[in-house]
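Student: please find the sequence and the predicted model below.
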Amino acid sequence: MVKAVDGVSFEVAEGETVGIVGESGSGKSVTALSLLRLVPEPGRVVDGRVMFRSADVLKMDHEELREFRGSDVAMIFQDPMSSMNPVLRVGFQIEEAMDAHQRFSHKQAKERIVPMLETVRIPAAAQRAKDYPHQFSGGMRQRAMIAMGLSNEPSLIIADEPTTALDVTVQASIIELLRDLNRERGMAVILITHNLAVVASLCTRVIVMYAGRIVESGPTRQIFKNPQHPYTWSLLRSLPRVDELQHDRLLNIRGLPPDMTNLPAGCKFHPRCRFRVERCFREEPPLEDVDPGQQARCWVLMRNALKDEDHG
């Protein structure tokens, strides 16, 4: 058995925006799919609970699960072109999403199509609702996917790499849109990304994953200013910053993420860590409080590692 996600535990409050970051293969998307019981075969959830309000998603029957998906929680996938049916008009697909959950009557669903497209700022919405997905640009397809996700007024949106295939200016407008929807409608958002700049502009809290585990979590501003896990510290120093007076050479994280079928003993990050100590090779550290509201999984916290490096 290979554990793509192991012991991940976090909460999302109403109206909160939480970012989950990490390299490819760290378990971000599998975590999101687990929340909706959409883990592809042969994968499965073997233990744990997924609590939505007072209900455990893992114990829901087929009908309860169908109602939960789309009505209570919606997911925006990272490739809008493959997520939409190419032979059906965009407006029809949004209407179909509402009809499937029966939260609105057929007449109400039809009337909501254009307002939903206007909500996500698609120009000439009445006309564009009659178009097919291939007639939309990448950014507009992503907006249409967001409209589809919002159509049943869910309490939580899970956005899996919603800006990956888009250019920088379109990325900015999608992030601005998600931020406005979060503020205006009070929806909680889980944003899955490897783009730390997106997290900084949108999320109030961040969870950093590595090798299927949470290695650090806490308020975004606090973690960006004072990261305590060497992996988080390295990620932040591998990006150019325009707000720093002194520009240091960008940091390269040596090596590759571990093979999940053959994980190293002890701390999973130790083969790539420049601050490792002998204990890191033998024992895996627990996820512990390191500051108010901030947790890290490390034997050598950055406040100690940098102090020792300066003395050295």
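Tutor: Received, thanks. Just so it is clear, the model here is predicted, and its values are computed rather than measured.

Student: only C-alpha atoms from now on, for both contacts and neighbour counts.
Tutor: Noted.

Student: touching, Leu236 and Phe224? I think so.
Tutor: Yes - judged on CA atoms under 8 Å, Leu236 makes contact with Phe224 at a distance of 7.3 Å.

Student: quick one: secondary structure of Thr261?
Tutor: Thr261 falls in the coil class when you classify it by DSSP: H, G, I helix; E, B strand; the rest coil.

Student: contact partners for it?
Tutor: By CA atoms under 8 Å, 6 or more residues apart in numbering, Thr261 lies in contact with Val2.

Student: where exactly do the strands run in the stretch 151-300 of the chain?
Tutor: In chain order, the stretch 151-300 of the chain shows strands spanning 156-160, 188-193, 205-210, 213-219, 288-291, 294-296, with DSSP state E, counting those that start in this stretch as the criterion.

Student: now render those strands as JSON lines, adding mean neighbour count.
Tutor: Output for those, formatted as JSON lines (neighbours: other CA atoms under 10 Å):
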{"stretch": "strand 156-160", "mean neighbour count": "24"}
{"stretch": "strand 188-193", "mean neighbour count": "24"}
{"stretch": "strand 205-210", "mean neighbour count": "24"}
{"stretch": "strand 213-219", "mean neighbour count": "24"}
{"stretch": "strand 288-291", "mean neighbour count": "14"}
{"stretch": "strand 294-296", "mean neighbour count": "23"}
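
Student: which one of Leu236 and Phe224 has more residues nearby?
Tutor: Set Leu236 next to Phe224 and count neighbours by other CA atoms under 10 Å: Leu236 wins out with 19 against 16.

Student: report the contact partners of the more buried one.
Tutor: Taking CA under 8 Å, 6+ apart, one finds 196, 224 in contact with Leu236.

Student: what's the answer for Val21, then?
Tutor: 28, 192-196, 206-209.

Student: how much space separates the residue nearest in space to the middle of the chain from Val170?
Tutor: Nearest residue to the geometric centre of the chain (CA atoms, centre = their mean): Ile192, 1.5 Å. From Ile192 over to Val170 the distance is 18 Å, taken as CA to CA, to the nearest Å.

Student: give me the buried positions along stretch 276-292.
Tutor: Buried residues in stretch 276-292, counted by 16 or more other CA atoms under 10 Å: 276, 280-281, 284-285, 287, 290.

Student: ignore the last one, stretch 148-164
Tutor: 148-163.

Student: ok, of those, which one's closest to Glu41?
Tutor: Distance to Glu41 across the buried residues of stretch 148-164 (CA to CA) is lowest for Asp160, with 19.2 Å.

Student: so what's the closest residue to the closest one other than its chain neighbours bridging to?
Tutor: Leaving out its chain neighbours, the residue that sits closest to Asp160 by CA to CA, 6 or more residues apart in numbering is Ile192, at 4.7 Å. Beta bridges link Ile192 to Ile20, Asp160 when assigned by DSSP bridges.

Student: now for Ile192: which residues touch it?
Tutor: Here Ile192 is in contact with 19-21, 28-29, 32, 158-161 (CA under 8 Å, 6+ apart).

Student: and it, what pLDDT?
Tutor: Here, the pLDDT recorded for Ile192 equals 92.

Student: if I look at it, how far off is Lys59?
Tutor: Taking CA to CA, one finds Ile192 at 25 Å from Lys59.
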